[in-house]
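S.K.: okay, predicted coordinates and the sequence, questions at the end:
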Amino acid sequence: MLAELFAVMAPVLAGAGLGYAWVRLGHPYPVDFITRLVFNIGTPALVLASLSGANIDAGTFGHVMLATALVILTMGAASFLVARLLGHHWRVVIAPMMYPNTGNMGLPVVLYAFGSAGFAYGITVMVTVSLFQFTLGAVLDAKGNPLKTLAKTPTVYAIVIAMALLLTDTPLPPWLANTVDLMSGFTVPLMLITLGVSLASIQVKSLRSGVGFSLIRIPLAAVTAWFIAAWLGLPPLAQSILVVQMCMPVAVFNYLFAQRAQREPAYVASLVFCSTLLALIYLPLLLALLM
């Protein structure tokens, strides 16, 4: 199991390592330009490419979506206390608490561990997390009018379109499907390389803080997801997948949001990096309990 899990996370570590080495060798890296490119073009294309062809019925989608939303909101409420414990502003901590890497890491793990029967549940969790991150997250990070910021966030429109396609079982036209698939290809690699660029300036103290954050967040997310799923009466498979997905490492998107808002991006990068490394330890144990 550890070998398969490492195969999922190896691209994350390799991409971050490439960005780290690039900066250490003295090469320039346009962080602001890359961040705008990923947010405005890459991410909307990635959402459409990932979700437009998924096979999920409306009842399953709604039930699991509600459970995921409640977990996200509970983790958001808990972030105020966690922020006080860690000595950081709540605006810095709340996004890493709420938004795990349910996409490019969570979905492969779900598919490997639970097969195609559970993949629809994994997709639903990812859709819900993305919807919150690019609506509520955009509002919290807005420096001016939050509604204006939200209206200027292309990913919000991509999520709405993708959800409509999911619920009506409507495929994208082949020419559009091929286009968004091509455009989405650069998104995850650029996110990971940009993460590595930020890691090049992280101090050892930040790494210790990242480990401490993960040791608080992961058990809290697991317990919260388990009890909410049981309270709503989700099937055992859906309950297990909700727990696994919400215990994924901190999503790389959180770093890009912090970079764009200039809210301690180096600290958030350490949270992403440390939680990803720790996943090699805790995910096999979690899967052994749930599978």
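M.R.: Cool, got the structure.
S.K.: now M191: closest residue in space that isn't a chain neighbour?
M.R.: Excluding the flanking residues, the one nearest M191 by Cβ to Cβ, 6 or more residues apart in numbering is V252, at 4.6 Å. No exception for glycine: its C-beta is placed from N, CA and C like everyone else's.
S.K.: pLDDT score for the one you found?
M.R.: Confidence at V252, expressed as pLDDT, is 77.
S.K.: next up, the contacts around it.
M.R.: V12, N101, V188, M191, L192, L195, V272 (Cβ atoms under 8 Å, 6 or more residues apart in numbering).
S.K.: next one: phi and psi at M248?
M.R.: Dihedral angles of M248 (phi, psi; degrees, to the nearest 10) stand at phi -60, psi 160.
S.K.: give me the neighbour count for it.
M.R.: Other residues near M248 come to 27 when the count uses other Cβ atoms under 10 Å.
S.K.: make sure I have this right: R217 is in a helix.
M.R.: Yes - secondary structure of R217 (DSSP: H, G, I helix; E, B strand; the rest coil): part of a helix.
S.K.: roughly how far apart are it and N254?
M.R.: 12 Å (Cβ to Cβ, to the nearest Å).
S.K.: from what I can see G103 touches Q133, true?
M.R.: No - the criterion here is Cβ atoms under 8 Å, and G103 misses it with Q133 at 10.2 Å.
S.K.: am I right that Y29 is in a helix?
M.R.: No - assessed with three-state DSSP, Y29 is coil; it does not lie in a helix.
S.K.: for burial, what's the neighbour tally of it?
M.R.: Around Y29 there are 15 residues (other Cβ under 10 Å).
S.K.: ok, it to L285 distance?
M.R.: Going from Y29 to L285 by Cβ to Cβ gives 36 Å.
S.K.: which SS state does the nearest residue to G17 once chain neighbours are set aside fall under?
M.R.: Distances taken as Cβ to Cβ, 6+ apart place G196 nearest to G17, at 6.0 Å, with adjacent residues excluded. Under three-state DSSP, the three-state class of G196 is helix.
S.K.: and for H88?
M.R.: Per three-state DSSP, the secondary structure class of H88 is coil.
S.K.: surely it meets Y267?
M.R.: Yes - contact status for H88 versus Y267: in contact at 6.9 Å, counting by Cβ under 8 Å.
S.K.: more crowded one of these two?
M.R.: Shown here are H88 and Y267; by other Cβ under 10 Å, Y267 has more neighbours (23 against 18).
S.K.: tell me the contacts of that one?
M.R.: H88, V92, S206, S209, G210, A258 are the contacts of Y267 under Cβ under 8 Å, 6+ apart.
S.K.: the stretch 151-291 of the chain: helices as residue ranges?
M.R.: 154-168, 174-184, 187-199, 204-232, 236-246, 252-261, 265-290 (DSSP state H, counting those that start in this stretch).
S.K.: of all the ones you listed, which lies closest to T68?
M.R.: Evaluated with Cβ to Cβ, the helices of the stretch 151-291 of the chain place helix 236-246 nearest to T68, the distance being 6.5 Å.
S.K.: can you list the buried residues in the closest one?
M.R.: Buried residues in helix 236-246, counted by 16 or more other Cβ atoms under 10 Å: A238, Q239, S240, I241, L242, V243, V244, Q245, M246.
S.K.: quick one: low-confidence ranges for the stretch 151-291 of the chain?
M.R.: Counting by pLDDT under 70, the stretch 151-291 of the chain shows low-confidence ranges at 201-206.
S.K.: re earlier: what's the burial count for the residue nearest to G17?
M.R.: Neighbourhood size, G196 [other Cβ under 10 Å]: 25.
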